[in-house]
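Just the structure for this:
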Amino acid sequence: MKPILLFGTQFTLSLVAYALIALWYVVPWLAKKPREAALVPLVWVHAFRMIGGTVLALILWQLVRSPAAEPTAAKLAAQH
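Next up is the predicted model:
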């Protein structure tokens, strides 16, 4: 099986599994709560996602700007 086909199958099945878990467990649990209380866990999930992405972007920016990365970048630019 080609790797891209395997990745697509894995991604699709994972998405279906998470959707089923959400429908069976998360939606009924949130439906019992008032709107303000139900939004808190949903916002926290996205807050950690955004914070993690920001931290990774800052680390990547520092790695790209480091003096050790300059020869590597020059080699890559010369190859293309």
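
Strands along this protein, start to end?
Assigned by DSSP state E, the strands in the chain number zero.

which other helices and strands contact the longest helix along it?
Counting by DSSP state H, the longest helix found in the chain is helix 35-65. Applying 3 or more C-beta pairs under 8 Å, 6 or more residues apart in numbering; DSSP states H and E, one finds that helix 35-65 makes contact with helix 27-31. Every C-beta, even on glycine, is put in place using the N, C-alpha and C of the backbone.

residues making contact with the helix it packs on?
38, 41-42 (C-beta atoms under 8 Å, 6 or more residues apart in numbering).

next one: the longest helix of the chain to chain centre, how far?
9 Å (C-alpha atoms, centre = their mean, to the nearest Å).

cool, stretch 14-27 as well?
17 Å.

Okay, now the unreliable bits of this structure?
66-80 (pLDDT under 70).

rewinding a little: any idea which of the contacts of helix 27-31 is closest to Y25?
When the contacts of helix 27-31 are ranked by distance to Y25 (C-beta to C-beta), P41 comes first, at 12.3 Å.

Can you give me the distance of that closest one to F48?
11 Å (C-beta to C-beta, to the nearest Å).

any idea which of the contacts of helix 27-31 has the most stuff around it?
In terms of neighbours by other C-beta atoms under 10 Å, the contacts of helix 27-31 top out with A38 at 15 neighbours.

Contacts only, for the spatially most central residue of the chain.
For the chain, the residue sitting closest to the mean C-alpha position, by C-alpha atoms, centre = their mean, is R49 at 6.6 Å. Going by C-beta under 8 Å, 6+ apart, R49 touches no other residue.

and the gap between it and A31?
23 Å.

And for L5?
Per C-beta to C-beta, L5 is found 38 Å from A31.

same thing with V16?
22 Å.

And for M50?
The value you get for M50 to A31, if C-beta to C-beta is used, is 26 Å.
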